[in-house]
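Asks: need coordinates for the below:
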Amino acid sequence: MCPNIGGTVAEVTSKARQSSPQRPKLIIQPAHPMPLDASAMTQLQRDNVELSRQVHEQSDTIMALRRDVAAANARLSDVTGTFSGCSFVRVIKLVFLLKISDRLKFTSTFCGCSF
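Replies: Residues are numbered from 1 along each chain as shown. Model (predicted):
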């Protein structure tokens, strides 16, 4: 006897089965291949060969594009590195020139000369 629900376990489970909706039965039929005539089979084989060729061409194109992108990335990295080096040298030169010009200004104001 189930005290909270009322009735025995068998009665409760039978009531639950009756109240739940029945699912439709799934009927699985064995798959029968459709009979193909020779012309249809030949056409499918031609289509398969054509599609395989297209896939091969596209994979070759993708590989070539990947190589191009890798080369462009390498060149971009080289240019970035070169630019950074050039920029660093340019900044050092400008700092050096500023220091020299400041010394010249200091010297010119100290001795009363004008440049």
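
Asks: quick one: average confidence on stretch 55-68?
Replies: Regarding stretch 55-68, the rounded mean pLDDT is 93.

Asks: let me fix that, I meant to ask about stretch 91-105.
Replies: For stretch 91-105, mean pLDDT rounds to 80.

Asks: and it, which residues are buried?
Replies: Across stretch 91-105, burial judged by 16 or more other CB atoms under 10 Å covers no residue at all. (Each C-beta comes from the backbone N, C-alpha and C, glycine too.)

Asks: strands of the chain, residue ranges please.
Replies: With DSSP state E, there are no strands along the chain.

Asks: all helices for it, in order.
Replies: Counting by DSSP state H, the chain has helices at residues 9-19, 38-111.

Asks: quick check: which of those is nearest to K25?
Replies: Among the helices of the chain, the nearest to K25 by CB to CB is helix 9-19 (15.6 Å).

Asks: thinking again about what came up before, could you dump the helices of the chain to JSON lines with distance to I27?
Replies: Below are the helices of the chain laid out as JSON lines (distance: least, CB to CB, whole Å):
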{"stretch": "helix 9-19", "distance to I27": "22"}
{"stretch": "helix 38-111", "distance to I27": "29"}
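
Asks: closest one to I28 among the ones you listed?
Replies: With distances scored as CB to CB, the stretch of the helices of the chain nearest to I28 is helix 9-19 (24.0 Å).

Asks: mean confidence for that closest one?
Replies: Averaging pLDDT along helix 9-19 gives 62.
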